[in-house]
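K.L.:
Got a predicted structure here, sequence first:
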Amino acid sequence: MAVPDLALPMPRSRADCETLDAADPLAALRALYELPPGVVYLDGNSLGPLPRSTADRLAKAVRDDWGRDLIRSWNTAGWIDLPQRLGAKIASIVGARPDEVVVADSTSINLFKLLSAALRMRPGRQVIVSETGNFPTDLYIAQGLIAQLGGRHELRLVDRSAVETAIDTDTAVVMLTQVDYRTGSRLDLAALTARAHAAGALMLWDLAHSAGAFEVDLNGAGADLAVGCGYKYLNGGPGAPAFLYVARAHQPAFEQPLSGWMGHASPFAFDTVYRPASGIGRFLCGTPPVLSMVALEAGVDAVLASGPLGGLAALRAKSLALTDLFVALVEARCAGHGLALVTPRPRPQRGSQVSFTLPDGDQGYAVVQALIERGVIGDFRSPDVLRFGFAPSYLRFADVWDAVEHLRDVLATRAWNQPRFLRRQAVT
C-alpha cells in the first residue's frame, strides 16, 4: 500500500508535514496506543508504548481468569497454550511457519538455548562468528557458553564489513543482529544466511530491532535460528517475554540444554526422566509468565492491525519516509553544530532508526536529556550516539518536524549545557 512519497519535494514547513499526515493511510493506527499529550516518542526501538487494549486485557486476566477461575484458567482461558499461540502470531510477522516460533524466557536465555543446540549439531566445528559491534548480551552469552563447554570453542569477532570472509569450514554457527542497535545499519539477511550455508554453518539471527519494524522473511532466506524480544517494536511492555525461531527441518535434532518440565513431552505425567516434546515446544523450559504474555499479545495484535492497511510493507514504506525526512531536516536545520550521520543513507541498509554522533560524548548525552525534558524522547548509546527510533504505527510527519525544531533550538541556544543534563543516569 502506498504512503506519501517523499521523493517529491521535501516539506518546507510544519503545514506541509500535516498535509502528509492527512494523506497517511496508516494514520488510524495511532489511536491504538496510549501516547502522552505533547510527547514525541522516538524511543519505540527501545521500549514500545502502551497499547490501549493492554490494560483491559490484563485486568480481565487478573480479575476474571486469575481472581475468579483460579487454577482452572490454565485450561479454560488457554494459559497453557500461550507460548505456542503467541508464537504463531509472531511467526506471521517474521516470515515463519506457525509451528516454528515459540514465546519463552528472555532473549539472552533463548540465545543460550539456540547456541548450545547449534554447537551440538556441528560437532568438530569450534567457531562462533559474530561482529565486534554486536549487542553485548549476545557476546556475553556466547562467552559464557564457551566457558561452560571447557573453552574448546572460539568466539571469532570481526568488523561488520568482514563477516562474510570470516566464515570458513571451522565455523559452527554465525550469530548476527540484523539491525545494529547503535547505528541502525541493516544486514542482508538472505545473503549472509546463504554465505553461512555455503560454508556448512548454521545461521542464527537476532531480530530485536527488526521484528515488528519491517518485513522479515526467515523462511524465504532459509534461516536456521532466530531470537527476538517482545518489548521494542512488538510493544509488549518492559521486560516482556522474548521469542525464538527454529526452522522446522532442524527441530527433531535440536537438543534443549535447559530441559525444564514445560519442554517435556508430557509435563503432567511427572516422569523422572526428561523426554523432549516434539517440535517447537521442546524449547520451553519453566512455567510461562502468563500476565506478561497477555500484555505481549496485546502489543503483537496492535502490530497485526496494520494488515488491512498494507501490513508490514506499508509500515516499512512509512518508516523509510519518516527517516528520510528526519535526516534531511536535521542536516538542513541543525547544520554547523557537529552532528554526523552514522545511519546508512541507502534505504535497503537502514532499519527503523536514525543515529547521529557528536564529537563530545558528554554533550551528546546532555542533548538527549534536554530533548527528553522538552518531551522529545530518544536515547543515547555510548560513547557518542544520539539515537532516534521511528515506529510508523504511531508517529506522524509533524512529529518529525517538531523533534527537529527542538533539536535545533537545544543546539543553537546550548540549552543542553546544564548540570542536570550532564549528570549520567543509570539508564541512558
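P.N.:
That came through, no problem.
K.L.:
From Ala221, how far out is Ser185?
P.N.:
According to CB to CB, to the nearest Å, Ser185 stands 18 Å off from Ala221. Placement of C-beta: from N, CA and C, glycine included.
K.L.:
any idea of the mean pLDDT for the longest strand that the chain contains?
P.N.:
In the chain, assigned by DSSP state E, the strand with the most residues is strand 171-177. For strand 171-177, mean pLDDT rounds to 98.
K.L.:
For that strand, give me every contacting residue.
P.N.:
111, 115, 118-119, 121-122, 125-131, 134-135, 138, 142, 153, 156, 163, 167, 187, 192, 195-196, 199-209, 225 (CB atoms under 8 Å, 6 or more residues apart in numbering).
K.L.:
Strand partners (parallel or antiparallel) of it?
P.N.:
strand 127-131 (parallel), strand 202-206 (parallel) (DSSP bridges).
K.L.:
Can you tell me which of those strands is most buried?
P.N.:
Among the strands paired with strand 171-177, ranked by average contacts under mean count of other CB atoms under 10 Å, first place goes to strand 202-206 (a mean of 26).
K.L.:
Tell me the buried residues in whichever strand or helix holds Leu20?
P.N.:
Assigned by DSSP states H and E, Leu20 belongs to helix 14-22. In terms of neighbour count (16 or more other CB atoms under 10 Å), helix 14-22 has its buried residues at Cys17, Leu20.
K.L.:
can you list the domains in this protein?
P.N.:
Using automatic domain parsing, the domain parsing of the chain gives 14-26+311-422, 55-304.
K.L.:
okay if I get those domains as a markdown table plus distance to Leu42?
P.N.:
Below are these laid out as a markdown table (distance: least, CB to CB, whole Å):
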| stretch | distance to Leu42 |
| --- | --- |
| domain 14-26+311-422 | 4 |
| domain 55-304 | 12 |
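K.L.:
for those domains, which one sits closest to Leu35?
P.N.:
domain 14-26+311-422 (6.1 Å; CB to CB).
K.L.:
Can you get me the start-to-end distance on the closest one?
P.N.:
Domain 14-26+311-422 has an end-to-end distance of 31 Å (CA to CA, to the nearest Å).
K.L.:
same question for that domain, mean pLDDT?
P.N.:
Domain 14-26+311-422 comes out at a mean pLDDT of 96.
K.L.:
Pull the distance from that domain to the chain's centre.
P.N.:
With CA atoms, centre = their mean, to the nearest Å as the basis, domain 14-26+311-422 stands 19 Å off its chain's centre.
K.L.:
122 is where my numbering starts, stick with that
P.N.:
Yep, numbering from 122; the last one is domain 135-147+432-543 now.
K.L.:
which residue ranges form the helices in the stretch 372-521 of the chain?
P.N.:
According to DSSP state H, counting those that start in this stretch, the stretch 372-521 of the chain carries its helices in the segments 411-425, 432-454, 482-494, 518-533.
K.L.:
hang on, the earlier thing: elements contacting the next helix or strand along the chain from the longest strand of the chain?
P.N.:
With elements assigned by DSSP H and E, the helix or strand that comes after strand 292-298 is helix 310-319. When contacts are defined as 3 or more CB pairs under 8 Å, 6 or more residues apart in numbering; DSSP states H and E, helix 310-319 packs onto helix 284-287, strand 292-298, strand 323-327, helix 339-342.
K.L.:
mind redoing it with 6 Å?
P.N.:
helix 339-342 (3 or more CB pairs under 6 Å, 6 or more residues apart in numbering; DSSP states H and E).
K.L.:
Following the helix it packs on in sequence, what is the next regular element?
P.N.:
Taking DSSP H and E, what comes next after helix 339-342 is strand 346-349.
K.L.:
residues making contact with that following strand?
P.N.:
Contacts of strand 346-349 with the rest of the structure, by CB atoms under 6 Å, 6 or more residues apart in numbering, involve 228, 231-232, 235, 325-329, 332, 339, 364-367.
K.L.:
repeat that for 8 Å
P.N.:
For strand 346-349, the surrounding residues in contact (CB under 8 Å, 6+ apart) are 211, 215, 217, 228, 231-232, 235, 239, 294, 323-329, 331-332, 339, 355, 363-368, 371.
K.L.:
cool, and stretch 254-270?
P.N.:
By CB under 8 Å, 6+ apart, stretch 254-270 touches 228-229, 232-233, 236-237, 240, 249, 251, 273-276, 278, 280-281, 296-298, 301-303, 327, 329.
K.L.:
what's around the closest residue to Val279 other than its chain neighbours, how many residues?
P.N.:
Distances taken as CB to CB, 6 or more residues apart in numbering put Ala287 closest to Val279, at 4.4 Å, once the chain neighbours are dropped. Ala287: 18 surrounding residues under other CB atoms under 10 Å.
K.L.:
And for Ala390?
P.N.:
Other residues near Ala390 number 9, with proximity taken as other CB under 10 Å.
K.L.:
Tell me the pLDDT of it.
P.N.:
Value for Ala390, per-residue pLDDT: 94.
K.L.:
same thing with Ala374?
P.N.:
pLDDT, read off for Ala374, is 89.
K.L.:
State the distance from the most far-flung residue of the chain relative to its centre to Trp382.
P.N.:
Residue farthest from the centre of the chain, counting by CA atoms, centre = their mean, is Thr393 at 37.7 Å. Using CB to CB, Thr393 is found at 11 Å from Trp382.
K.L.:
before we move on, back to that, for the residue nearest to Val279, give me its contacts.
P.N.:
Ala287 makes contact with Val250, Arg277, Val279 under the criterion CB under 8 Å, 6+ apart.
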